[in-house]
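*Asks:* Kindly return the folded structure for what I paste below:
(one chain, ligands or ions: 1)
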Amino acid sequence: MMGDMRLRVARRRMVHEQLERHGIHDPRVLEAMGKVARHEFVDDVFASRAYGPNALPIGGGQTISHPRIVALMSQSLALRGTERVLEIGTGSGYQTAVLSLLASEVWSLERIPALAERAAARLRALGITNVHLRVDAGLGWEDQAPFDGILASAAAPEVPGRLLAQLAPGGRLVLPVGRGTRQNLLVLQRRGEDVTTRNLGPCRFVPMLGPPSGRARPEPGTAAGQDGTYPV
Ligand code: SAH
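*Replies:* All right, here's what the predicted structure looks like:
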């Protein structure tokens, strides 16, 4: 394990070299990225690489995105601190933790129960209280809609209409769209009846999938509550 001090220095360098120099200019995003300890969201063996310009494995065949992608997606939502945000793909909970500092409340869905459970424990340990996690592989959290921002960190083959329908007026949806290696990071914004789309360029994410082995919710008796939510 690297010392805390060295990790703090590495994090500061990450913000400067990978973010500020590469198109991340929202001061709230830079501050949040400087605060959240990325090394807490990966296994100890990867801690020394937590602030490098790379994706890292988080178990279940999934990965935590590059710091710059996390910052870019967060910045694209143009959050000011009062928003309600939906995230698809909690994974390690790292992006969730960043969003929790940028928005008022975050609802986050993860299809793999073991990842959701570990993310819930990490967020709890960090004292984060404005996040709601649920084990689900659906397309959103309709009974909490509309959301001012929606961020998906798994790629959909095309823009899911059901997610767009959960956007509040003026709200933004950022997600990778495409298959395999042909994906683009899109930002859609609802403006009245219209939706505008901006393409931030090619990207590479894991695919958005249905429930593992056809089951969206954990069995009764596991750590999640009856409705599939985890206390954070
Ligand atoms: N943002 C995460 C990265 C997670 S990788 C982080 O910071 O660590 C993408 C995640 O999306 C994976 O954990 C995967 O299990 C999850 N996922 C894929 N399809 C999903 C769906 N339909 N609903 C919810 N989660 C999904």
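*Asks:* Run a quick neighbour tally on Leu139.
*Replies:* By other CB atoms under 10 Å, 18 other residues sit near Leu139. Backbone N, C-alpha and C define where each C-beta goes, glycine included.
*Asks:* distance of the spatially closest residue to Arg38 that is not a sequence neighbour from the ligand?
*Replies:* The spatial neighbour of Arg38 that comes closest, neighbours along the chain excluded (CB to CB, 6 or more residues apart in numbering), is Ala50 at 4.5 Å. The gap separating Ala50 from the ligand is 12 Å, by CB to the nearest ligand atom, to the nearest Å.
*Asks:* and Ala50, what does it touch?
*Replies:* Taking CB atoms under 8 Å, 6 or more residues apart in numbering, we find Ala50 in contact with 7, 10, 38-39, 41-42, 56.
*Asks:* from these, which ones fall inside strands?
*Replies:* Leu56 (DSSP state E).
*Asks:* in the protein, which strand has the most residues?
*Replies:* Looking across the chain with DSSP E, the single longest strand is strand 167-179.
*Asks:* my read: Gln144 touches Leu86, true?
*Replies:* Yes - counting by CB atoms under 8 Å, Gln144 does reach Leu86; the two are 7.4 Å apart.
*Asks:* Compare those two (neighbour count), which wins?
*Replies:* Each of Gln144 and Leu86 has its neighbours counted (other CB under 10 Å); Leu86 has more, 28 against 14.
*Asks:* Am I right that the more buried one falls within a helix?
*Replies:* No - applying DSSP: H, G, I helix; E, B strand; the rest coil, one finds Leu86 to be strand, outside a helix.
*Asks:* So which residues on the chain come close to the ligand?
*Replies:* 58, 62-65, 88-89, 91-92, 94-95, 109-112, 115, 137, 153-154, 206, 208-209 (CB under 6 Å from any ligand atom).
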